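Novice: Need coordinates for the following:
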Amino acid sequence: MKKIYPSFLIMQKLPTNIRTRFSSIFSQEEMSYLSNIFSLERRPVSFRVNTLLSSPEEVSEALEWAKIEFTLLDFPTGCFVLGNQYIESDIWKIDIYKKWYIYMQSISSQSPVHFFSPNLSQFSPQGEMKPQFRILDACAAPWWKTSQLSALYPNSEIHAFEPNKIRFDKMQHNLKKLWCTNVTAIHDEIRNIWKYIDEENYFDMILIDAPCSSEGSISLHNDKFLESWDISHIKRNYKRQKFILSDTIPYLKEWWELIYSTCTIAPEENEAVVHYALCNYPELTLENIDINQNKYIKYKESLKSFEKMIFKTEISEKTLRVIPSEYSEWFYMAKFIKSSE
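Specialist: The predicted model follows:
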């Protein structure tokens, strides 16, 4: 029989610096809840259908034929979750995996792109062409959301930036396999966007799934992450994230949208970055993000303050902290609208 340890004993297994920091972010009740999440060895397998090559109906039929139990979620659209008894390798032998009809991606990671408006995640009526947009994926690798955008907006023009050569090559390979023919992959830093896009106010939608300290990886079973965690990583990312926002905001059209997301817990990389954007770019306003909570995806109100920082009121009201559950991981999301200056 598996032993169940009290939450405070589980938390004691976290390094002191992480435990102390978390206690300043979360309530005692939340810490108790998180202790059970940190002790999870794995989550159920989740993936999304690649609608450029297949459909939810076809994928469902294939899983039923293979006698694999699954749930098709209402949100994120096209997201499948397998029964707890399965691991990822259980579907490697099925044609839907071999033919790239599906793509392994966590529930939280699938969520941000669904908050663009108009939301075209639903199939268009018979015979109706989906409209064309200009979309920027400012931090593309590991290309999950790039390929997701390509499937949601197949008639659109997507520019995806990735500075790392190895990651860029992998991205190109995967985009080709997934049939993302509307993506222009660019091997360069986003700060050099001016070399490729010669007019401001060019994009209808911008996604900044920012490089971050990836605290979504925190687990009692991830020794490598726990040993390498350091506050200096957070401070370095905070600076980098502000630069990325500054580099991209001029290229967003008036009255169109920018979604900022991370997979970290750190307030410096979440609320503080959004606060910086609102203070320095008066043309930006926040639009509310709503998720219907269920057992697959949960969230909490964003922070009003942290340490010496006090954030703008609308940040706690309109941005979203997805909290981990047995099915999904940490994520933070904010949606900006750019008005005329």
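Novice: any idea how far residue 144 is from residue 28?
Specialist: 35 Å (CB to CB, to the nearest Å). All C-beta spots, glycine's among them, are computed from the backbone N, C-alpha and C.
Novice: Sorry, wrong one. I was asking about residue 332.
Specialist: Residue 332 is 22 Å from residue 28, by CB to CB.
Novice: Kindly report the same for residue 136.
Specialist: From residue 136 over to residue 28 the distance is 42 Å, taken as CB to CB.
Novice: thinking again about what came up before, ok, residue 144 and residue 28, which is more surrounded?
Specialist: Comparing residue 144 with residue 28 by other CB atoms under 10 Å, the one with more neighbours is residue 144, at 20 against 10.
Novice: was I right about that one contacting residue 105?
Specialist: Yes - assessed by CB atoms under 8 Å, residue 144 is found in contact with residue 105 at 4.9 Å.
Novice: Could you look up the next helix or strand downstream of the longest strand belonging to the chain?
Specialist: Ranked by residue count, the top strand of the chain under DSSP state E comes out as strand 252-262. Counting by DSSP states H and E, the next helix or strand C-terminal to strand 252-262 is helix 271-280.
Novice: host element of residue 35?
Specialist: Using DSSP H and E, residue 35 sits in helix 28-38.
Novice: Is the residue nearest to residue 183 when sequence neighbours are not counted in a helix, a strand, or coil?
Specialist: Closest residue to residue 183 apart from its sequence neighbours, by CB to CB, 6 or more residues apart in numbering: residue 158 at 4.6 Å. Counting by DSSP: H, G, I helix; E, B strand; the rest coil, the backbone at residue 158 sits in strand.
Novice: residues contacting residue 158?
Specialist: By CB atoms under 8 Å, 6 or more residues apart in numbering, the contact list for residue 158 reads 135, 136, 137, 146, 149, 150, 180, 182, 183, 184.
Novice: Please apply the same query to residue 189.
Specialist: For residue 189, the contacting residues are 161, 163, by CB under 8 Å, 6+ apart.
Novice: and with 6 Å instead?
Specialist: Shown in contact with residue 189 (CB atoms under 6 Å, 6 or more residues apart in numbering): residue 163.
Novice: Just the pLDDT for it.
Specialist: Note on residue 189: pLDDT of 96.
Novice: Skip the chain neighbours and tell me the closest residue to residue 111.
Specialist: residue 76 is the one closest to residue 111 (CB to CB, 6+ apart), at 5.3 Å.
Novice: Tell me if I'm right that the one you found and residue 112 touch.
Specialist: No - counting by CB atoms under 6 Å, residue 76 sits too far from residue 112 to count as a contact (9.2 Å).
Novice: these two touch, right, residue 238 and residue 267?
Specialist: No - counting by CB under 6 Å, residue 238 stays clear of residue 267, with 9.6 Å between them.
Novice: The two: which is more packed in?
Specialist: Using other CB under 10 Å, the more surrounded residue of residue 238 and residue 267 is residue 267, with 24 against 20.
Novice: which SS class is the residue nearest to residue 200 when sequence neighbours are not counted?
Specialist: Closest residue to residue 200 apart from its sequence neighbours, by CB to CB, 6+ apart: residue 250 at 4.6 Å. Assigned by three-state DSSP, the conformation of residue 250 is helix.
Novice: how many other residues sit next to residue 250?
Specialist: When neighbours are counted by other CB under 10 Å, residue 250 registers 15.
Novice: what's the distance between it and residue 318?
Specialist: To residue 318, residue 250 is 23 Å away according to CB to CB.
Novice: Residue 90 too?
Specialist: From residue 90 across to residue 318, the span is 40 Å (CB to CB).
Novice: give me phi/psi at residue 25?
Specialist: When read as degrees, to the nearest 10, the backbone of residue 25 gives phi -100, psi -40.
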